[in-house]
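Asker: Give me a model of this one.
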Amino acid sequence: MTVSADRATVLPPRAGLGLKPEHYETILETRPDIGFFEVHAENYMGAGGPPHRYLEAVAALYPLSLHGVGLSIGAARDLDTEHLKRLRGLVDRYRPQSFSEHLAWSTHDTGFLNDLLPLPYTVETLSRVIAHVDEIQQWLGRQLLLENPSTYVLFSESTIDEVDFLTAIASRTGCGLLLDVNNVMVSAVNHRLDPVAYIDRFPVELVGEIHLAGYDETVDGVGDRLLIDAHGSEVRSDVVELYRHTLSRSGALPTLIEWDNDVPDFATLQAEAVRADAMLNEAALKRRASRAA
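Answerer: Sure, this is the predicted structure:
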């Protein structure tokens, strides 16, 4: 199944923030200049209550992105029909400008694992993910953006490069891609790869949204540098530079600042958005100048 996004309903090419309960009142009282807000879909699958009242109020003022964490797209099992029904209800209720999920799995038998786990990139896995993405888009009646993972292990069984794997899924299903630049940095450092080379091969024409976040750093068992996709701090300087390089290829794209742990005050988050907006404006001006030359 091929599904195309309605270009009238895509997110604006600006910086957005994750909507946190700690900031509901501040946002509604001050109406800050933020491009969009994003929420984790699973946090709003209840029927009602304060979370929905606040989300309805914010969604009336700003574009909205839904970001799923529970579909387990890469799992070697059928998708959860009840989860899909709840997700469809949420999409129908809020009509978000974007919906995205992860290239990962988090279920086994009847249990749910508290993590987004990596996949072996094989022909068998590719066929399964394509079937699952098709099914999700059929359920939702709209395009899904699939996010590149942050990884800490590689599989000896893998026979397909990650960028080629993602590109093949998008080509076969019509889904878009969510390019998480922090995930690129985390995976590249952990596996001794070149993050710039990864970005240079990525099909940026398929990207509907970018994510930025802060990582934590430690060392592995042999003392080598190990990055953790922690979402608990400001965007690191090397990720900022990789983002700037990404924009030089892609032009301005909707960009979410992810800060899910140790959530700071709203002013701190807004400062991160302002920094990203400045780089988006710079990229847009360069793109216009290049076309006029």
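
Asker: Specify the beta-bridge partners of Glu258.
Answerer: Beta-bridge partners of Glu258, counted by DSSP bridges, are Ala213.

Asker: Pretty sure it sits against Ala230.
Answerer: No. With contact defined as CB atoms under 8 Å, Glu258 and Ala230 do not form a contacting pair (9.9 Å). Every residue, glycine included, has its C-beta placed from N, CA and C.

Asker: Looking at those two, which has the bigger crowd around it?
Answerer: Glu258 (22 against 19; other CB atoms under 10 Å).

Asker: For that one, which residues are in contact?
Answerer: By CB atoms under 8 Å, 6 or more residues apart in numbering, Glu258 lies in contact with Gly18, Asn182, His211, Leu212, Ala213, His231.

Asker: swap the cut-off to 7 Å and go again
Answerer: Residues in contact with Glu258 (CB atoms under 7 Å, 6 or more residues apart in numbering) are Gly18, His211, Leu212, Ala213, His231.

Asker: roughly how far apart are the last one and Pro13?
Answerer: To tie it back to what came earlier, the one meant is His231. His231 is 23 Å from Pro13, where distance means CB to CB, to the nearest Å.

Asker: pLDDT score for Ala8?
Answerer: pLDDT, Ala8: 39.

Asker: Low-confidence regions, the protein specifically.
Answerer: 1-9, 107-115 (pLDDT under 70).

Asker: where exactly do the strands run in it?
Answerer: Applying DSSP state E to the chain gives strands spanning 15-18, 36-40, 64-67, 98-102, 105-108, 111-117, 145-147, 176-180, 207-213, 216-219, 225-228, 255-258.

Asker: List the contacts of the spatially closest residue to Leu212 that is not a sequence neighbour.
Answerer: Distances taken as CB to CB, 6 or more residues apart in numbering place Val235 nearest to Leu212, at 4.8 Å, with adjacent residues excluded. Applying CB under 7 Å, 6+ apart, one finds that Val235 lies in contact with Leu212, Ala213, Gly214, Ile257, Glu272.

Asker: Dump the residues you listed into a markdown table; add distance to Arg88 and neighbour count as well.
Answerer: Below are those laid out as a markdown table (distance: CB to CB, whole Å; neighbours: other CB atoms under 10 Å):
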| residue | distance to Arg88 | neighbour count |
| --- | --- | --- |
| Leu212 | 29 | 27 |
| Ala213 | 28 | 28 |
| Gly214 | 33 | 20 |
| Ile257 | 28 | 24 |
| Glu272 | 32 | 20 |
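
Asker: Turn those into JSON lines, columns for distance to Asn190.
Answerer: As requested, these are exported to JSON lines (distance: CB to CB, whole Å):
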{"residue": "Leu212", "distance to Asn190": "18"}
{"residue": "Ala213", "distance to Asn190": "15"}
{"residue": "Gly214", "distance to Asn190": "16"}
{"residue": "Ile257", "distance to Asn190": "22"}
{"residue": "Glu272", "distance to Asn190": "24"}
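
Asker: of the residues you listed, closest to Gly251?
Answerer: The shortest approach to Gly251 among those belongs to Leu212, at 16.3 Å (CB to CB).

Asker: is it true that the closest one touches Val181?
Answerer: Yes. Using CB atoms under 7 Å, Leu212 is in contact with Val181, at 5.8 Å.

Asker: Quickly list what's touching both of the two.
Answerer: Going by CB under 7 Å, 6+ apart, residues that sit against Leu212 and also against Val181 are Val239, Tyr243.

Asker: Turn the strands of the chain into JSON lines, including distance to Tyr24.
Answerer: JSON lines is the format used below for the strands of the chain (distance: least, CB to CB, whole Å):
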{"stretch": "strand 15-18", "distance to Tyr24": "12"}
{"stretch": "strand 36-40", "distance to Tyr24": "11"}
{"stretch": "strand 64-67", "distance to Tyr24": "14"}
{"stretch": "strand 98-102", "distance to Tyr24": "21"}
{"stretch": "strand 105-108", "distance to Tyr24": "28"}
{"stretch": "strand 111-117", "distance to Tyr24": "26"}
{"stretch": "strand 145-147", "distance to Tyr24": "25"}
{"stretch": "strand 176-180", "distance to Tyr24": "25"}
{"stretch": "strand 207-213", "distance to Tyr24": "21"}
{"stretch": "strand 216-219", "distance to Tyr24": "27"}
{"stretch": "strand 225-228", "distance to Tyr24": "29"}
{"stretch": "strand 255-258", "distance to Tyr24": "17"}
